[in-house]
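Undergrad: Predicted model follows, preceded by the sequence.
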Amino acid sequence: MLSWMAWTWPTALVFIFVFSCIAILAVIETRSPGGDERKGVLGLTTTRGDRLFITLLGSAYIFLAWLGLVGTPLWGPLGIAIAWGVFCFWKV
Amino acid sequence: MKTENQKAWLFVLPVLALVAFNALIPLMTVVNYSVQETFGNNLFFWQGLDWFENILRSDRFHAALGRQVMFTAIILAIEIPLGVMIALAMPRSGPWVSVCLVLMALPLLIPWNVVGAMWNIFTLPDIGLLGYFMNNVLGVDYNMTQSPTAAWVTIIVMDVWHWTSLVVLLAYAGLISIPEPYYQAAKIDGASNWSVFRYIQLPKMKRVLTIAILLRFMDSFNIYTEVFVLTGGGPGNSTTLLSIDLVKVALGQFDLGNAAAMSLVYFAFTLLVSWLFYTIMMRDEE
């Protein structure tokens, strides 16, 4: 039924990861409502959802920049993206 | 214990379903296409991230992106100040308000493909009113099918004609929401017209102008129909903006993997700038 969407395991895993993150945030939100709003180092008031968005958007740019400037393999940008995610949830 | 009414979630469901069908599922499909090669017949072959590497290093992509950024920058630089100036010049009360508002709304009501076709005929050197006037009355060599400069001037003027009204209407809405006592206080203080604009009108219009810039950025950065109908991306590739190039790759060449990777990079740009505008807007509100 979904063959027209041309699914592959790697792309499916990416979406499973993103939707899992959103689901985890939803569960945390039901237990601790309010989104853990705070003012971070970038001077922005962010909630947990904002921090996830900034993490994902920043990671996309990290991977694109690496692909454009260096190329594959992508272990380097993966490490940088994880570090960026940790920084976002810790300080932003 | 306080019980919360969760029925609101049911009312959100239709929107979620709509977004899923018109945005999320197509986006996921594009992501899937971007890592594969297809020759039709629903057969796909794994390609990895080759398309992304090709796109990010392609001169053709860089040139189209440059043209797109230039187009957006030019029309924002013209439409925002022009829209504010027209809004300032419009009457705030009386019978002319309705006339002005209707006149301003007219270009917005015309479908995009009709705007392109209209300007195409309007600028033809032999039968178009503007084209004939420029060539035969003013003696200016104006032919947008041959000269890249003429083509650029035409697409910019067309966009300004079509969309400045939106900025006008938003700026006007911001202006009429300013309470009269602000103006009275400024008059008592002997403030000049410039001071009234700088310290009362502009700060009060800031929010609507941010929305206007955001809307005009997104629309102009994704513009396709008007420019395609008017110039078809020519002469040569001079007005081949990113959106036109994308459609050429996807439908003209049926290079779906390449086009999918290109559209995801394009999407990343739009998303980043939109997020920046939104963040600035929300920060100002705080």
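TA: Received the coordinates, thanks.
Undergrad: wait, what's in contact with the residue of the stretch 151-286 of chain B found nearest chain A?
TA: Nearest residue of the stretch 151-286 of chain B to chain A, counting by CB to the nearest CB: B:Ala268, 5.5 Å away. Heads up, the C-betas are built off the backbone N, CA and C, glycines and all. Contacts for B:Ala268 (CB atoms under 8 Å, 6 or more residues apart in numbering or on different chains) come out as A:57, A:60-61, A:64.
Undergrad: Just give me the neighbour total for B:Thr231.
TA: 27 (other CB atoms under 10 Å in any protein chain shown).
Undergrad: What parts of chain B come near chain A?
TA: Residues of chain B lying near chain A by CB under 8 Å from any CB of the partner chain: B:25, B:28-29, B:31-33, B:35-36, B:38, B:42, B:44, B:46, B:48-49, B:52-53, B:56-57, B:265, B:268, B:271-272, B:275, B:279, B:282-283, B:286.
Undergrad: In strands only, show me those.
TA: B:36, B:38, B:44, B:46 (DSSP state E).
Undergrad: hey, what's the third one bridged with?
TA: When assigned by DSSP bridges, B:Phe44 has beta-bridge partners B:Thr38.
Undergrad: where's it relative to B:Asn32, distance?
TA: Per CB to CB, to the nearest Å, B:Phe44 is found 8 Å from B:Asn32.
Undergrad: Over to the last one?
TA: Computed as CB to CB, the B:Trp46 to B:Asn32 distance reads 11 Å.
Undergrad: next one: A:Val41
TA: 36 Å.
Undergrad: Between those two, which is the more surrounded one?
TA: B:Asn32 (23 against 9).
Undergrad: Now for the closest residue in space to that one that isn't next to it in sequence: which residues touch it?
TA: Nearest non-adjacent residue to B:Asn32, counting by CB to CB, 6 or more residues apart in numbering or on different chains: A:Ala6, 4.4 Å away. For A:Ala6, the contact set (CB under 8 Å, 6+ apart) comprises B:29, B:32-33, B:36, B:38, B:42, B:44.
Undergrad: Neighbours of B:Val168, how many?
TA: 27.
Undergrad: Now it: which helix or strand?
TA: Using DSSP states H and E, B:Val168 sits in helix B:148-176.
Undergrad: what comes up buried for that helix?
TA: By neighbour count with 16 or more other CB atoms under 10 Å in any protein chain shown, helix B:148-176 contains the buried residues B:150-152, B:154-156, B:158-160, B:162-172, B:174-175.
Undergrad: burial count for the residue in chain A positioned nearest to chain B?
TA: Residue nearest to chain B within chain A: A:Gly68 (3.3 Å; CB to the nearest CB). Other residues within reach of A:Gly68 by the criterion other CB under 10 Å amount to 15.
Undergrad: list the contacts for it?
TA: Counted by CB under 8 Å, 6+ apart, A:Gly68 has contacts B:53, B:56-57.
Undergrad: residues touching A:Leu67, list them.
TA: A:74, B:49, B:52-53, B:56 are the contacts of A:Leu67 under CB under 8 Å, 6+ apart.
Undergrad: now the residue most central in space within chain A, nearest residue through space, not along the chain?
TA: The residue lying closest to the centre of chain A (CA atoms, centre = their mean) is A:Leu56, at 2.9 Å. In space, A:Leu56 comes closest to A:Val18 once its chain neighbours are excluded; the distance is 6.8 Å by CB to CB, 6+ apart.
Undergrad: In terms of helices and strands, where is that neighbour?
TA: helix A:9-31.
Undergrad: still on that earlier bit, got the ones in strands among the residues of chain B next to chain A as CSV, with pLDDT and neighbour count columns?
TA: What follows is these, written out as CSV (pLDDT from 0 to 100; neighbours: other CB atoms under 10 Å in any protein chain shown):
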residue, pLDDT, neighbour count
B:Gln36, 92, 20
B:Thr38, 87, 17
B:Phe44, 87, 19
B:Trp46, 90, 11
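Undergrad: Would you mind listing the two of these that lie farthest apart?
TA: B:Thr38 and B:Trp46 (11.0 Å; CB to CB).
Undergrad: For the stretch 1-150 of chain B, give me the ranges with low pLDDT.
TA: B:1-4 (pLDDT under 70).
Undergrad: Minimum distance to chain A, which residue of it gives it?
TA: B:Leu56 (3.3 Å).
Undergrad: Spatially nearest residue to that residue (excluding sequence neighbours)?
TA: A:Gly68 (3.3 Å).
Undergrad: Run the chain-centre distance for the helix or strand where the one you found lies.
TA: Using DSSP H and E, the element containing A:Gly68 is helix A:48-69. The chain centroid and the centroid of helix A:48-69 are separated by 7 Å, computed with CA atoms, centre = their mean, to the nearest Å.
Undergrad: try stretch B:55-65
TA: For stretch B:55-65, the distance to the chain centre is 21 Å (CA atoms, centre = their mean).
Undergrad: Next, the buried residues of it.
TA: Quick answer for stretch B:55-65 (16+ other CB under 10 Å): B:55-56, B:61, B:64-65.
Undergrad: Pull the distance from whichever strand or helix holds B:Val247 to the chain's centre.
TA: According to DSSP H and E, B:Val247 maps onto helix B:242-247. The chain centre lies 15 Å from the centre of helix B:242-247; the measure is CA atoms, centre = their mean.
Undergrad: Which neighbouring elements make contact with it?
TA: helix B:59-89, helix B:225-231, helix B:256-285 (3 or more CB pairs under 8 Å, 6 or more residues apart in numbering or on different chains; DSSP states H and E).
Undergrad: Can you tell me which of those is most buried?
TA: helix B:225-231 (a mean of 22; mean count of other CB atoms under 10 Å in any protein chain shown).
Undergrad: Could you export that helix as PDB, keeping only the C-alpha atoms?
TA: Extracted C-alpha coordinates of helix B:225-231, given in PDB (Å, rounded to 0.1, in the frame of the first residue of the first chain):
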ATOM      1  CA  THR B 225       3.800  30.400 -11.200                       C
ATOM      2  CA  GLU B 226       4.100  34.100 -12.100                       C
ATOM      3  CA  VAL B 227       7.700  34.000 -13.200                       C
ATOM      4  CA  PHE B 228       7.300  30.700 -15.000                       C
ATOM      5  CA  VAL B 229       4.300  32.000 -17.000                       C
ATOM      6  CA  LEU B 230       6.000  35.400 -17.700                       C
ATOM      7  CA  THR B 231       9.500  34.400 -18.700                       C
END
